[in-house]
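Asker: Below are the sequence and a predicted model; questions follow.
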Amino acid sequence: MALLPTSGIHISLTNEKIWRSFHEVGTEMVLTKTGRNLFPKLQYRITGLQENQKYIPYLRFELADNKKYKYKSGGWLSAECCDPMTPPGYIMHPDGSKTGSHWMKAGIPFDRIKITNNTDEPRDNVCVLLQSMRKYRPVLTIYYAVEGLPYSNEMIRVAEFSCPFQEFIAVTAYQNTKITELKIRNNPYAKGFREGPKIDKPVATASLILLCFLGSNLHFCSLRSSLEPVKVPRTRQLQQTPAQFAFQQPSTMYQSFYHYQPPTQMFPQLPASSAQFCQPMNGCYYQNPWAFSPPNGTN
């Protein structure tokens, strides 16, 4: 099979600005048992593909180093990690094999990718297992799809993209409050946190009826819906009771008015060979497309 020309392929992030703003603080991504979507999202644009040829994008998460991290005194500390390392899994784009024209027009979004720390099987095909307190970087790889064999080892890698400002630390809860603020400010799904909890408006068409126990008599107190404070005496002065009815005097436990109280409430490192990489721009790398080991690790 003839090798495809790849010199003109260029990949970049559509949301690079927001990724850089998070990187300046120290990006964190939360792991959950059921899987949590990433934010910022993984959204790529690509140019230079052959319009009528078919390609398949794959995504994987590689360890940025062999260290484990701990957040202490407002900063991240690291130490060498001895946990066993597992080869990174490849996630195929949900759209599968599409023409170069499609990818160049629609872009390559991995919006549905989730990360989890749940080691139990099964996991769906958009959930990636990561280790907490480890630093990862997402890597996008583009393969040329051989007709009739779209998932075989005969796929040819034509481009690969990764950037250092996409690195993040996987956590089970946000450690840096600045990251929490950034996510609330930029994530459209965090709108409720920005506006605060919703408060129901008072009903203006009806009066609220409060049942008050004053002494042994039953009274109804009407409160205005404007919710203006109502002054209620702490105690009620008892009327004089005839001697013959003295035994009927209300108990002292009902002589005070009380407001209602609610109930109490692992992975191999990137190749270090300088011959396989170049630095075209912004510290992002493209790997030599022909130095390829297939997804299953076989040559």
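Answerer: Structure's in. What do you need? Numbers count the residues shown, from 1 in each chain.

Asker: Next, the buried residues of stretch 85-93.
Answerer: 88-93 (16 or more other Cβ atoms under 10 Å). Heads up, the C-betas are built off the backbone N, CA and C, glycines and all.

Asker: Tabulate these (a markdown table), appending pLDDT and secondary structure.
Answerer: Shown next, in a markdown table, are the buried residues of stretch 85-93 (pLDDT from 0 to 100; DSSP: H, G, I helix; E, B strand; the rest coil):
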| residue | pLDDT | secondary structure |
| --- | --- | --- |
| Pro88 | 78 | coil |
| Gly89 | 79 | coil |
| Tyr90 | 86 | coil |
| Ile91 | 92 | strand |
| Met92 | 93 | strand |
| His93 | 95 | coil |
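
Asker: what's across from the residue lying closest to Ala64 once chain neighbours are set aside in the sheet?
Answerer: In this structure, Ala64 finds its nearest non-sequential neighbour in Lys135, 4.2 Å apart by Cβ to Cβ, 6 or more residues apart in numbering. In this entry, Lys135 is beta-bridged to Ile169, by DSSP bridges.

Asker: follow-up on the earlier one: ok, the buried residues of stretch 85-93 vs Val25, which is closest?
Answerer: Distance ranking of the buried residues of stretch 85-93 against Val25, using Cβ to Cβ, places Pro88 first at 25.3 Å.

Asker: thinking the closest one is in contact with Tyr58, fair?
Answerer: No: with contacts defined as Cβ atoms under 8 Å, Pro88 does not count as touching Tyr58, sitting 10.6 Å away.

Asker: Below-threshold pLDDT in the stretch 151-299 of the chain: ranges please.
Answerer: For the stretch 151-299 of the chain, residues meeting the criterion pLDDT under 70 lie at 151-154, 190-299.

Asker: Now with 90, please.
Answerer: Where the stretch 151-299 of the chain drops to pLDDT under 90, the residues are 151-156, 187-299.

Asker: returning to that earlier point: possible to save the buried residues of stretch 85-93 as CSV with distance to Trp103?
Answerer: Output for those, formatted as CSV (distance: Cβ to Cβ, whole Å):
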residue, distance to Trp103
Pro88, 22
Gly89, 22
Tyr90, 17
Ile91, 16
Met92, 13
His93, 9
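
Asker: Among those, which pair sits farthest apart?
Answerer: Between any two of these, the greatest separation by Cβ to Cβ is 16.1 Å, found for Pro88 and His93.

Asker: pretty sure the residue nearest to Ala64 contacts Phe61?
Answerer: No: between Lys135 and Phe61 no contact is recorded; they are 10.3 Å apart, counting by Cβ under 8 Å.
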